[in-house]
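[1] below are the sequence and a predicted model; questions follow.
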Amino acid sequence: MMEPSEISEDNSSELCKNVFCNPAFEPENDRDEVKDSFKVDVPPQPSKGPSTRRGVLSLCVVRLRGSWCGWSAVVVSAAVLLLVTALGLTLALTLTQLNSESTEGGMPSPLDSWNGDGVPHSLHPLHSTVVPQPEREPTSPTKCGGVLTDTEGTLSSPNHPGLYPPDSVCVWVISVPPPSLVQIHVSSLGIEGPSPCLFDWLEVREEAEQMSTRFCGNVAPPTVNTNSSVVWITFHSDASIGGNGFSAQYTAISPGQKSCTREEFMCDSGRCLLPVSVCDGQPNCQDHTDEANCSHKHKECGGQKRGPHGSFSSPNHPKPYPHQQLCKWHISVEEGYVIKLSFQNFSLETQDVCEFDYVEVHDSGDTGDGSVLGRYCGSGLPPDLTSSGPIMTVLFVADEGVADSGFFASYQAISILDRTCSPTQFACGSGECVNQDWLCDGWNDCADGADEHDCSNSTYPPFTSSCEPIHVDMCQGLSYNLTSFPNIWLSIADQREAASMLSQYKVLMDLACFEPLRRLVCGIFVPQCSPQGGVLQPCRSICSSAEQQCSQALDLFSLSWPFNCHLLPDTQDPMECSLP
């Protein structure tokens, strides 16, 4: 059993080393371990690459093998979201208590309790006494989270427009005077995808609503007209691939002032849709107005493109294209081939984030955010784009404003064996391109294992697993007493590190539902070792029990259950899942 004295303590100035910390989520002094160059507020995520195809076709969005494909998404969403719930409870309790002190004891307002960087001077989670934090040198001048009470303002990810740092959790609480409502416009988005946004995300949650909305990818969402005067915005990044993040603006509006930008479509008394979602054959509005009056659109525009080569252009090219266009071309070639798309002419309305007129290319047969290869506007020729499979979709969108000469594009089928990879990728024997960071990492990412050949200098030994007794205090007394490390899905090296991460959950120990929640969390962080090798995920009933018993406690803080229990196996077979 590990004793607290066994865990070394780092100097307090190192608490935020290499991590963008929201101080509202910092551990209690002298009791939460901080590893060198990694602060364990949020567990690190499995490494993964930029392959769009993987995210579009399945939940195999992390680099696992065999029967663990679906389990990869389970591990990621459970580990991250459950931790965020715990930390979110802390913040909710803090703000609630600060508001109470302001009203009843003549104390300063919640805003007065935060410094200029959005840092609370004191935290009192679960009405417990908190040891004052030692002073620390600032780690970055960039603001990350805070309470915003002005009637309008801006917020962005750390380092924006540069790459955001890994392992970041930023929470903004936007509060405007009732009866005003919060309107949010995300002007730029570059967050690691794909949908359903399991790794990095921007999340908007209204105080008055139980549901939250997540955004990721590189297509900015439409305007969000909320129905609340208090909105929580959370930005989260995992330990691996990053992006340029986001920039957003908010403003207080009256309930009768809901609006959308000029290129967006408004329905349901305030919901905004991007042009691509209008007249696409799929009703996106409850009133179905997005699919009404569509007969005048798409004339001589879009269609199916088959065969080894072909071309297409915007309507009327090279003359100006008509207003209010949505053209969709589906390109398909034979199996064993990929599609190379080239633009010969290109001139569309110029705009920084390509919101008005644009061409958008998708590496799939649909237009999900996770499949976007690129969005282009202006007069510069887009680069040649190559699909990962035999299907590609090209969209052309034009609003009612400025028009230009449009574009002309051609495509050709290329054998997978003849496909060339980018300088940052490695070509497998099959022709598939994988991230160079995946070379000699102990995993066979290529079907032929070519990425693990000639790895004599590799610092990653082949992964092996063996059962060992459980030594984590929080996970004692389960139905099993053997686990296996390293936990490759959460990048946890050993039980010592798992114990450090699980110490974050002590904020929930006073909840009546802590015991069922403990069983679920331990089943993920300290999984049962299987006699057949590997580990077992928790059964669905374990998750459902925790959800049922914790929902009332979470409702007190306007938090919804953050995990989809249906991702877990619906069985009681001890050979397929565990019952901690």
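    Yes, it's here.
[2] I'd say residue 253 and residue 179 touch.
    No: if you go by Cβ atoms under 8 Å, residue 253 and residue 179 don't touch, sitting 10.3 Å apart. Backbone N, C-alpha and C define where each C-beta goes, glycine included.
[3] higher neighbour count, those two?
    A side-by-side neighbour count of residue 253 and residue 179, using other Cβ atoms under 10 Å, places residue 253 first with 19 against 8.
[4] for this structure, what spans make up the helices?
    Using DSSP state H, the helices of the chain run over residues 52-57, 69-104, 495-502, 514-525, 540-555.
[5] could you give the angle of the fourth one to helix 495-502?
    What it means is helix 514-525. For helix 514-525 against helix 495-502, the angle between stretch directions is 140 degrees (axes from the mean of the first three to the mean of the last three Cα atoms, to 10 degrees).
[6] got the buried residues for helix 514-525?
    Residues of helix 514-525 classed as buried by neighbour count (16 or more other Cβ atoms under 10 Å): 514, 516-525.
[7] could you do stretch 311-324 as well?
    For stretch 311-324, burial by neighbour count (16+ other Cβ under 10 Å) applies to 312-315, 317, 320-322.
[8] from the buried residues of helix 514-525, which is closest to residue 410?
    Residue 410 lies nearest to residue 524 out of the buried residues of helix 514-525, by Cβ to Cβ, at 49.3 Å.
[9] pretty sure that closest one contacts residue 542?
    No: with contact defined as Cβ under 8 Å, residue 524 does not reach residue 542; the gap is 9.9 Å.
[10] per-domain residue ranges of the protein.
    Following automatic domain parsing, the chain resolves into domains at 25-86+465-567, 142-273, 303-418.
[11] between those, which one is closest to residue 280.
    Of all those, the one in closest proximity to residue 280, counting by Cβ to Cβ, is domain 303-418 (7.3 Å).
[12] where in the stretch 301-450 of the chain is pLDDT low?
    Confidence mapping of the stretch 301-450 of the chain against pLDDT under 70 gives the ranges 367-370, 430-431, 441-445, 447-448.
[13] that one: strands as residue ranges?
    Using DSSP state E, counting those that start in this stretch, the strands of the stretch 301-450 of the chain run over 303-306, 309-313, 325-332, 337-347, 358-362, 372-376, 385-386, 391-398, 406-415, 425-427, 433-435.
[14] who wins for proximity to residue 212 among those?
    strand 372-376 (22.6 Å).
[15] how many residues are close by residue 390?
    17.
[16] how about residue 176, what does it touch?
    By Cβ atoms under 8 Å, 6 or more residues apart in numbering, the contact set of residue 176 is 149, 151, 182, 229-230, 252.
[17] can you give me the strands for the stretch 101-250 of the chain?
    146-148, 152-156, 169-175, 181-190, 201-206, 212-215, 224-225, 230-236, 245-253.
[18] need the CA coordinates for the second one. PDB is fine.
    Which is strand 152-156. Below are the C-alpha coordinates for strand 152-156, written out as PDB (Å, rounded to 0.1, in the frame of the first residue of the first chain):
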ATOM      1  CA  GLU A 152     -20.300  41.900 -24.200                       C
ATOM      2  CA  GLY A 153     -16.800  40.500 -24.500                       C
ATOM      3  CA  THR A 154     -14.400  38.100 -26.100                       C
ATOM      4  CA  LEU A 155     -12.700  34.900 -25.100                       C
ATOM      5  CA  SER A 156     -10.200  32.600 -26.800                       C
END
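[19] begin at 418 from here
    Sure, I'll start counting at 418 from here, so that last one is strand 569-573.
[20] from the contact counts, what lies against that strand?
    strand 662-670 (3 or more Cβ pairs under 8 Å, 6 or more residues apart in numbering; DSSP states H and E).
[21] got the CA positions of the strand it packs on in CSV?
    Below are the C-alpha coordinates for strand 662-670, written out as CSV (Å, rounded to 0.1, in the frame of the first residue of the first chain):
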residue,chain,number,x,y,z
GLY,A,662,-8.0,26.8,-30.8
PHE,A,663,-10.9,29.2,-31.0
SER,A,664,-11.9,32.8,-30.8
ALA,A,665,-15.4,33.8,-29.7
GLN,A,666,-17.5,36.8,-28.9
TYR,A,667,-20.5,37.1,-26.7
THR,A,668,-23.1,39.8,-26.2
ALA,A,669,-26.2,40.3,-24.0
ILE,A,670,-29.4,40.5,-26.0
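[22] what strands flank that strand, and is each parallel or antiparallel?
    strand 569-573 (antiparallel), strand 598-607 (antiparallel) (DSSP bridges).
[23] so which of the ones you listed is the most packed in?
    Most buried of the strands paired with strand 662-670, by mean neighbour count (mean count of other Cβ atoms under 10 Å): strand 598-607, with a mean of 21.
[24] and the angle from it to strand 618-623?
    170 degrees.
[25] contacting residues for the closest residue to residue 934 other than its chain neighbours?
    The shortest distance from residue 934 to any non-neighbouring residue, by Cβ to Cβ, 6 or more residues apart in numbering, is to residue 963 (4.9 Å). Residue 963 makes contact with 930, 933-934, 936-937, according to Cβ under 8 Å, 6+ apart.
[26] closest to residue 693 among those residues?
    Taking the contacts of residue 963 together and measuring to residue 693 by Cβ to Cβ, the closest member is residue 937, at 38.3 Å.
[27] does the closest one really touch residue 960, like I thought?
    Yes: under the criterion of Cβ under 8 Å, residue 937 makes contact with residue 960 at 5.6 Å.
[28] the strands of the stretch 518-667 of the chain: which one's closest to residue 839?
    Proximity to residue 839, assessed across the strands of the stretch 518-667 of the chain by Cβ to Cβ, is greatest for strand 598-607 (18.0 Å).
[29] relative to strand 647-653, how tilted is the closest one?
    Here the directions of strand 598-607 and strand 647-653 differ by 10 degrees (the same axes, to 10 degrees).
[30] roughly how far does residue 852 sit from residue 836?
    With the distance defined as Cβ to Cβ, to the nearest Å, residue 852 ends up 16 Å from residue 836.
[31] which of the two has more residues huddled nearby?
    The neighbour comparison of residue 852 against residue 836 (other Cβ under 10 Å) goes to residue 852, with 21 against 18.
[32] now the more buried one: how far from residue 806?
    To residue 806, residue 852 is 17 Å away according to Cβ to Cβ.
[33] need the strands paired with strand 662-670 in JSON lines (columns: distance to residue 665).
    Listed next are the strands paired with strand 662-670 as JSON lines, based on distance: least, Cβ to Cβ, whole Å:
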{"stretch": "strand 569-573", "distance to residue 665": "6"}
{"stretch": "strand 598-607", "distance to residue 665": "5"}
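[34] how about residue 579: what's its closest non-neighbour residue?
    Distances taken as Cβ to Cβ, 6+ apart place residue 661 nearest to residue 579, at 7.0 Å, with adjacent residues excluded.
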